[in-house]
Structures are given as C-alpha cells and as structure tokens.
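A.B. asks: got a predicted structure plus its sequence, pasted below:
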Amino acid sequence: MIETTIDSMIQERQQLRERLRFFDAGIWLGPPAGFPNAVELPPAELGAALRQWRLTGGLVSHWWGKTVSAQDGNRALAAALDGCAEEVYQVWTALPLLPIEEGPLPGIGELPPNVRAVRLFPKAHNFPLADWCVGTLCEWLIEHRMPLFIWHTETDWPSLQRLAAVFPMLTIVVETQVQKILYHTRALFPLMKSRQNVLVELSNFAGQGFVDYAARQFGAGRLIFGSFLPMNDPLAPIGMLLDADISEEDKALIAGGNMRRLVGEVRP
Amino acid sequence: MKIIDAHLHIGQPGVFFAPETTPDQLLAGMDRLGIGAAICTDHLSLGRGCAGFLEGLRDVFERSGGRIFYFGVYHPGYSDACLRAMTEAVDWPGFAGIKIHPSFHRIMADDPSYEPVWRFAAERDLPMMTHSWSVSDFNPVQQLSTPARFEKYVQAFPGVRFVLGHVGGRGREQADAIRMARDYPNVYVDIAGDVYCYRLIERLAAAIPDKVLFGSDYPWLDLRSNFSRILLADIDTETKRKMLCDNAQAVYRLDEKRC
C-alpha cells in the first residue's frame, strides 16, 4: 500500500522533472576544496553525469580558478571542455587585471566562444568588490552581456549592494555556496527587492519556502537553478523546485529557462 | 504506515528570516507532500531546555490531530528542571523522546553532565536524538557534537535507541556516524539539514538501510529537498519505505504515543 503511494510520488516527480528541462548553472570540474566527502568529476564523465541527473546542459566551472589561480583554472577549464559535445558553457574566473596582464579575462590566447559567464572570488584572491577596483571588468561584462557569478561567502552585502547599484545593467547571480545562505536572508531579500539585476541560484537556497517566497516577491525570472555538482546532491534543489507551490511555467523558468536566456544573450 | 519527518522545528528561528514557521504552515506543507507525521523541537526549548514548554507542545500535538509529535529538550545546565518536566510529560500524548544539542548548549557531548539524561532514557525506554555535525571552519562549536563524542554513552547505555541527527554533518566525521550506526544496534542516523553530499542517500542505503530516517530540519531547510532526495534516489522502493516510514517507527514507536 505505502509502496504504491511512494511509487506514484516518484513517477509524478520524474515526469515533471522531464518537462522542466533542468539546465544546471553550477557544475564543477577539478579537485573540490573544503568538501572532504566529494569526489572530483572527470571531464570524460560530464556527459554521463548530465544524463544521470536528467540535466539538459549547464555552466561548468573549474576549482583551480579559486584554489590555484584564475589563469590556471581558465586554461584547465578550456582544455577540459575543448571538443565537448554536450550543451555546456564555461564560467571563467575573472580578476581586476592590471595593465601589464593579458586580458580581458585571465588566461592565454583567445577567449573561447562558449565562455558565457564569469565568477569573482574577491576574498580568496584578495581584492575588494568595489567599482574603483572591478569597474573596468564590470563595464566589459556589460558590453558583452555576460553575467557575473559570485558566492555569497566571497563578499559582503554592502559591497554587493553598491556594485549592483553602480552597474544596474550588470546581471549578478548570487550563489548560495559554500555555506547555506539562509543566515543572510535579511540581507539577500532586501537586496533582491532593491536591485532588479541581482539574481539568486538554488543549490543551497534551502530554507523552508524560500523558492516560493522569492518567486512571488521578486518574480521567477530572478531564480537560477544550480546544483553544485559534484559536491552536492542535485536532487536537493531539484526537489525544492519540483514541489514548489508556484506555476509550472515559473518552475520551467527557474529550472533552466532563465539561464538559457542569459546564455543566449551573451555577445562573445 | 505513514511517512514520518523525524527531525524538524516549529517557531521562529532568531538567526534568519523564515517565511514559514508555524504549526499550521507545517501541516499545510506536510499535506502537500503526503507526510503523515512529524517530530518537532521548538526553538524556545532549545534555549534552556524543555521545562515550561512541554505543555505548549502537547497542545500543538493535539491541535494537529495527533500528527506533530515533540521532543523534550535536555539542557545539561538545567538538568533537574528538564528531568522533572520530562518525568511529568513522559506519558503525555505525542511525547516522542528526548533531544540534546551539545553545540547549541556549548557543552561537549561526552561531558559527565549528560549522564543523567542517558540514565533517564534507559530507565524509561525513551529514544534520544541529538544534533551531530562535523568539525566546521564556519562554526567552531560543531566540534562539541562530532559523532564519536557520543560513543561512550552509546556503549554505556546500549538499550537507548539513539539517533545521530544530520548524519554527523557534511565533513569527515560523517563516516563516524555511519560506522556507529553500522556497529551499534541502538544507533541510527537522520538526514535532516543541508547534508546534501553527493549520492549520500545511495551510500546510506548500501551501508545501513535499516538505520536511516528521513528528516527535513524545517524551517531551517525546506521540507521538499530531502524528501525528493529519497524519492528520486537510485535505490529500491523498499529501502525508500524504510527511510521514509519504517525506521522512524522502529525508533520512536509513534503509534504507541497517541493516547
């Protein structure tokens, strides 16, 4: 009896998951740092992982961009995804480069055409998230319509608010790693209310009802699905979205529609 | 047979904004998902223990139609008051067991001041549930609740059914929680919280299928995340049933606590 109920619950969720066409903004290659139970995802297994978790594609980042250097991470990511047949795009690690450094993003040679977002690590890389330091980079991102990703643990809320205000055309995706963001909702939600260019990703947007609340208060267009694969179980954010008390259209936007639109708007 | 959320909270948490916190909101969420029963701790009890708060929880249980059961929180700093309150409440409808939280109470899990509550539980055949976590850079007090710190009491009181909440957290100490659940017949784990480790459900199903309890940690975490993790995990339906229903029933025996 209860098995029948459970099987029915599973079937409903599997069907909805297929319809929503999840597109993952948070896939990582390279050796995870700070996640002792996580196992590195080899590039050769990326396609299998996408299929296993019913992901139609996604944005891929490389741990070396934080833990070694932006330059090494970007080169490693470009090499890992060279010739990849999946619908995946690169998230490069950015820096406020100085004039003698090769740019516009850290690395060597041409920017690969499938770079569709950048991420900053102000704390790890020792620079302030201030317009006088990252302003040139932000102007370049706006020109190319490229979104900026940033872990909430890598900055502070006043800096984030000021950056969003100074550059209202810059799309900023606040990521909920590497500590759950619920302790910061009294900062995050007012920021999202006051700055339309601030979005949030879902991998640890995990407080009770956060998805429903944010979708109603700020619009489903402000939420981006990310899994933080292979550190996290993709089913955690998938589950929050499948059972959210919002329309299926809004779920589809959050699951992948919003990020696909942002990817499509980038001018490489 | 019903689905049981074996680890959640009611009331307003002080340290963050939570859009849903009340028993009525919890029941609505449980109804949407098909969760039949839950076992809660209230945030008031976490502060100084359960004395003075169990009556309110009994009221919540009764108003919920017998669906929201409750723990009595033991705080070692208020030992006598907690044990007196639980002595009175132990046969009340909905009283499901005892919760301890060494990190929140800033008293190490192997401290002698926990001995009275273990003895209390053993003498009354009451289950205990604890917060457990890994050593954390973000939150140093978690070192007070690492799984191995509970081991001396687990060994001393083998008759107490004991649940390591949060499976020992996301770090290296998670392996100790799994080891203890495997090696000690009286030790279980629940998956409440953001223990979103990759393929954790599958690993637990392989290692300790009869010792894993579904929990959400509502309203800190969303009811729906861990629920779907189990439903959609790459494991058989029988094991899902154990995690969602049977194992919590084996520990807390909720059917015996309705009247």
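C.D. replies: Good, I have the coordinates.
A.B. asks: quick one: residues contacting residue A:207.
C.D. replies: A:180, A:182, A:185, B:16, B:18-19, B:219-222 (C-beta atoms under 8 Å, 6 or more residues apart in numbering or on different chains). Placement of C-beta: from N, CA and C, glycine included.
A.B. asks: isn't residue B:160 right up against residue B:124?
C.D. replies: No: Residue B:160 is beyond contact range of residue B:124, at 9.8 Å (criterion: C-beta atoms under 8 Å).
A.B. asks: out of those two, which sits in the busier spot?
C.D. replies: Higher neighbour count among residue B:160 and residue B:124: residue B:160, with 24 against 14, using other C-beta atoms under 10 Å in any protein chain shown.
A.B. asks: quick one: residue B:127 and residue B:162 touch, right?
C.D. replies: Yes: between residue B:127 and residue B:162 a contact is recorded at 7.2 Å, counting by C-beta under 8 Å.
A.B. asks: quick one: which of the contacts of residue A:207 is most hemmed in?
C.D. replies: residue B:222 (31 neighbours).
A.B. asks: residues contacting the nearest residue to residue B:52 once chain neighbours are set aside?
C.D. replies: Among residues not flanking residue B:52 along the chain, residue B:85 sits closest, at 7.2 Å (C-beta to C-beta, 6 or more residues apart in numbering or on different chains). Residues in contact with residue B:85 (C-beta under 8 Å, 6+ apart) are B:49-52, B:54, B:72.
A.B. asks: select, from the contacts of residue A:207, the two members most distant in space.
C.D. replies: Greatest spacing in these, by C-beta to C-beta: A:180 and B:19 (15.5 Å).
A.B. asks: what is the neighbour count of residue A:241?
C.D. replies: By other C-beta under 10 Å, the residues close to residue A:241 number 27.
A.B. asks: would it count as being in a helix?
C.D. replies: Yes: assessed with DSSP: H, G, I helix; E, B strand; the rest coil, residue A:241 lies in a helix.
A.B. asks: which stretches of the stretch 51-200 of chain B form helices?
C.D. replies: Ranges of helices in the stretch 51-200 of chain B, per DSSP state H, counting those that start in this stretch, are B:54-63, B:79-89, B:102-105, B:115-124, B:151-156, B:174-183, B:200-207.
A.B. asks: which SS class is residue B:9?
C.D. replies: strand.
A.B. asks: could you find the closest non-adjacent residue to it?
C.D. replies: Distances taken as C-beta to C-beta, 6+ apart put residue B:41 closest to residue B:9, at 5.3 Å, once the chain neighbours are dropped.
A.B. asks: and that neighbour, how far is that from chain A?
C.D. replies: Noted for residue B:41: a distance of 15 Å to chain A, by C-beta to the nearest C-beta, to the nearest Å.
A.B. asks: got the contact list for residue 5?
C.D. replies: Looking at chain A here, since you left the chain open. When contacts are counted by C-beta under 8 Å, 6+ apart, residue A:5 touches residue B:34.
A.B. asks: ah, I was thinking of chain B
C.D. replies: Residue B:5 touches B:30, B:35, B:37-39, B:214-216, B:218, B:223, B:227, counting by C-beta under 8 Å, 6+ apart.
A.B. asks: these also near chain A: which ones?
C.D. replies: Contacts with chain A are made by B:216, B:218, B:223, B:227 out of those, judged by C-beta under 8 Å from any C-beta of the partner chain.
A.B. asks: run through the residues that contact whichever residue of chain A sits closest to chain B.
C.D. replies: Residue nearest to chain B within chain A: residue A:239 (2.4 Å; C-beta to the nearest C-beta). Going by C-beta under 8 Å, 6+ apart, residue A:239 touches A:13, B:222, B:224-229, B:231-232.
A.B. asks: how about 7 Å then?
C.D. replies: B:224-225, B:227-229 (C-beta atoms under 7 Å, 6 or more residues apart in numbering or on different chains).
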